[in-house]
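# need coordinates for the following:
(chains A and B)
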Amino acid sequence: MSDLDKAIEQLRQCRPIPELQVREICFKAREILIEEANVQIVDAPVTICGDIHGQFHDLMELFRVGGDCPDTNYLFMGDFVDRGFYSLESFLLLLCLKVRYPDRITLIRGNHESRQITTVYGFYDECIRKYGSANVWRYCCDVFDYLALGALVIGAGTSVQPTRSADGEDVETKVREAEDEVEIEVIGLGGVVTRQMLRREAGMINSTNLTPSALPHLSSSGPAGPLLTGIPGTGASGNSRGIATPNNAPANTGGAVLCVHGGLSPLIDSVDKIRLLDRKQEVPHDGAMCDLLWSDPEEIDGWGLSPRGAGFLFGSDIVKQFNHLNNLTLIARAHQLVMEGFKEMFDSSIVTVWSAPNYCYRCGNVAAILELGEDNSNAVLRSGGEEVLFNRENTRRLASTYMGGSMKRGGPGRRYRVFEAAAQDSRGMPSKKPMPYYFL
Amino acid sequence: MAVPTRFATPAFTAPASGADKDRTVQQTDMDALVSRCSAVSMGYLSDPFAELFLDTLTAKDRRYPLINRGTYVRTTALDKLVESFLSQPSKSMKQIVSLGAGSDTRFFRFASNRAIPFVYHEFDFPRVTIRKIQAIQKHTELSSLLSRFRNVESATEFSDTNLQIDVMSGSLHSSHYHIHPIDLRTLKPGTSLPTGIDPTLPTLFISECCLIYLLPSEADDIFRWITTSFGQAPETGSNSVGIVLYEPIGGDDSFGKVMIRNLSQRGIVLRTLQRYSTLERQMERMRVLGFKSGMGACDVNYIHDNWIDAEERERIDKLELLDEREEWVLLAKHYCIAWGWLENGSPFDDADCLAFRQWSDIPLQQS
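This is a model prediction of the structure:
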């Protein structure tokens, strides 16, 4: 086992690695990151994750839900550090994985990957507490400066692939065993299977035998829209909405997805302009690079001032125009706490993905990750709205939501996996644990 | 080396004895004081007195921006209500009673800024009042203010009161400032009034995260004690007493449930939260327990957005980046300021002179 694999193993146990090894890994990481573009190109399939914020045990839960690296191709949209108690272990684990599997994990920069912010929000203090000096914090900050500002996911399909092996043994073993029959199992409280969705042999489905009326138990499934099936462009979809091919993209191509931590900038009207930035610096207080990491979508027209004091607010018109001009079908971003784990806005032209459940051990929210399948995948099931709800291990919930790529305006098929915070007892936190602050 | 943690005092398992539970509640005061000092050092609040109450064992700590902002909004909102009570013209002296005052600095801040005298009483556990009195004795910045109004005022019965301090029992009496070592749970209708309190004066009670730790029946008894014993001046026929509360609300949603669970792990139980969990219930509480003339309640998020003028907001926004915007809204919606008053003017007085007149002009949050 190499030193790197040992470091990964140790970090997986939530144990910090020695300072000298941190220095070495940060150095190697920089060598890799310096070769990456400001907007790194990532091929689908990929699992996109939002803020982590040092919630190490919830990051482990994320890997259980989404599959391990390198089995699953990951894209983390920044804010690895600050707020949680284990920023150091969380970031170093992700960084070690980056060094070990550079093509299977992409890390882009969040607004917390900054010297200034980490001195306010906890990462600096944590490094001092755990190492007795600021050296490790400095090594990490030097890495922050090399992180990409965004990523462009290409080759995403209009549909998502069937559920792959994560670790949900109970559920997914059943899924695999009965793969020809079962697309999704819906498991309610207590692990009882409450709903099954039929799936015929891959590629054999067409709209005549898989329609809402053929599957009455599906068509009545709450807020889910009509089930759109068939490979777009083949006519098998039976519905023009099923073959939406925005921007003349080839059939069954979901189009490109821009991933960025915060959002857009009034100074950036094309992805190419992001490529022109000199990113290897501390996050500035204003300007394009700052905006990409700080801005938020909002129900306004055009641009607005951000209450955060950095970045801007941007409206639906801005997103739609940007996506149109850049042949994008979706912008995926993080940065804002969403109680439901993810939130699509502006006719599904932008989505917020939030991956820190019970944020700050205080907010009571669930988290989500977004899976984008590859094009020409054999998955053909597509629908809109909340679809399925898994419950594993009796107490935890794993909801997986399929959003039809073409329900409203096209875009890639996307599966949201929603998960709750890791159980308290699995945290192995010291008994004298610090508490989130309340006004007393 | 003391490294700031940005988190509250380390937890311990829920204490068993009643005395231990009381101590846990008393320690919440140190938490609030550290937060106050943090907000002062970051420029949110101007309060030269706060850090004088920090004991040598309690480390100064810099809180997160959203905590600083919450401390600012809470203090500013309560000050606003207190100020509008004190600033109403009146023939009689105004009286303020702060329940579970802890190391609060409001008396010192107002005394140093105002020309017109008022009387201020603080109630708390002896353990807390002893510590406070020791700090006052130690710092002349504090003790000099005890005689602040002595020369201005000559006509009141308090003007000739000499400073009396009993450190052992934790009591302090001066012409305008009194500290009473009192367990609030002993206050109920019929309880005799502590030394120096004049039930005939227009009186404002303050509870900043205090009554919520009592049993609902105990908290309700205190309300009834207030509304039946205070503010009544038989000779003029006037009647003037009010209360302002700052406390958590909304324990039913996921944030609230996590809050209850986290605090209970520290041994802190928000006992009246369930009963008074909404703004409506807080107002109903005022009405039912005797503050019949008027009442209001707003959550801290609303107050943050609506009570602070634009210029001041701009100043606050510039102090620190508030990255935790969504979290702020979530947190701030789980705290409220509620107020109520009972007031009947004497037939000889101008209605404009009612002590709580300005309170009826406060715009209410529409829920």
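# tell me which element the closest residue to residue B:99 other than its chain neighbours falls in.
Among residues not flanking residue B:99 along the chain, residue B:207 sits closest, at 4.6 Å (Cβ to Cβ, 6 or more residues apart in numbering or on different chains). All C-beta atoms are positioned from the backbone trio N, CA, C, and that covers glycine. Per DSSP states H and E, residue B:207 falls inside strand B:203-208.
# residue B:44 too?
Per DSSP H and E, there is no helix or strand for residue B:44.
# where does the chain have its least confident helix or strand?
No chain specified, so I'll use chain A. Least confident helix or strand of chain A, by mean pLDDT, DSSP states H and E, is strand A:182-187 with a mean of 26.
# my bad, chain B
strand B:232-233 (a mean of 74).
# pairing partners for that strand, with directions?
Using DSSP bridges, strand B:232-233 pairs in its sheet with strand B:238-248 (antiparallel).
# give me the distance from the partner strand to the chain's centre.
Centroid separation for strand B:238-248 versus its chain: 10 Å, with Cα atoms, centre = their mean, to the nearest Å.
# my guess is residue B:184 meets residue B:212, correct?
No. Residue B:184 is not in contact with residue B:212 according to Cβ atoms under 8 Å; the separation is 11.7 Å.
# hang on, residue A:314 packs against residue A:295?
Yes. With contact defined as Cβ under 8 Å, residue A:314 and residue A:295 form a contacting pair (6.0 Å).
# now do the shared contacts for these two.
Taking Cβ atoms under 8 Å, 6 or more residues apart in numbering or on different chains as the criterion, residue A:314 and residue A:295 both touch A:263-264.
# residue contacts, residue 131?
Here I'm looking at chain A. Residue A:131 touches A:16, A:19, counting by Cβ under 8 Å, 6+ apart.
# my bad, chain B
With Cβ under 8 Å, 6+ apart, residue B:131 has these contacts: B:53, B:55, B:103.
# is stretch B:266-273 in proximity to chain A?
Yes. On the criterion Cβ under 8 Å from any Cβ of the partner chain, stretch B:266-273 is in touch with chain A at B:266, B:268.
# number of residues surrounding residue A:276?
Number of residues near residue A:276 (other Cβ atoms under 10 Å in any protein chain shown) recorded here: 10.
# need the phi and psi values for residue B:298.
When read as degrees, to the nearest 10, the backbone of residue B:298 gives phi -140, psi 150.
# so who does the closest residue in space to residue A:271 that isn't next to it in sequence touch?
Take residue A:271 and drop its neighbours on the chain: the residue closest to it by Cβ to Cβ, 6+ apart is residue A:326, 5.0 Å away. Contacts for residue A:326 (Cβ under 8 Å, 6+ apart) come out as A:256, A:258, A:270-271.
# which of these are buried?
The neighbour count (16 or more other Cβ atoms under 10 Å in any protein chain shown) marks A:256, A:258, A:271 as buried among the contacts of residue A:326.
# quick check: bridge partners of the first one?
To tie it back to what came earlier, the one meant is residue A:256. Where residue A:256 sits in a bridge, its partners, by DSSP bridges, are residue A:328.
# and the residue of chain B nearest chain A?
Residue of chain B nearest chain A, by Cβ to the nearest Cβ: residue B:254 (3.1 Å).
# can you count the residues close to that residue?
14.
# contacting residues around it?
A:339, A:363-365.
# same thing but 6 Å
residue A:364 (Cβ atoms under 6 Å, 6 or more residues apart in numbering or on different chains).
# now it: how far from residue A:367?
Using Cβ to Cβ, to the nearest Å, one obtains 13 Å as the distance from residue B:254 to residue A:367.
# with residue A:132 instead?
Residue A:132 is 33 Å from residue A:367, by Cβ to Cβ.
# just how off-centre is the least confident helix or strand of chain B within its chain?
So, by Cα atoms, centre = their mean, the centroid of strand B:232-233 is 24 Å from its chain's centroid.
# try stretch B:219-236
Worked out by Cα atoms, centre = their mean, stretch B:219-236 lies 18 Å from the chain centre.
# which residues does stretch A:85-103 contact?
A:4, A:7-8, A:11, A:14, A:16, A:25, A:28-29, A:32, A:52, A:54, A:56, A:59, A:69-70, A:80-81, A:105, A:107, A:123, A:126, A:130.
# any idea how far the residue nearest to residue A:271 is from residue A:81?
From residue A:326 to residue A:81 the distance is 30 Å (Cβ to Cβ).
# ok, now residue A:264?
Taken as Cβ to Cβ, the span from residue A:264 to residue A:81 is 24 Å.
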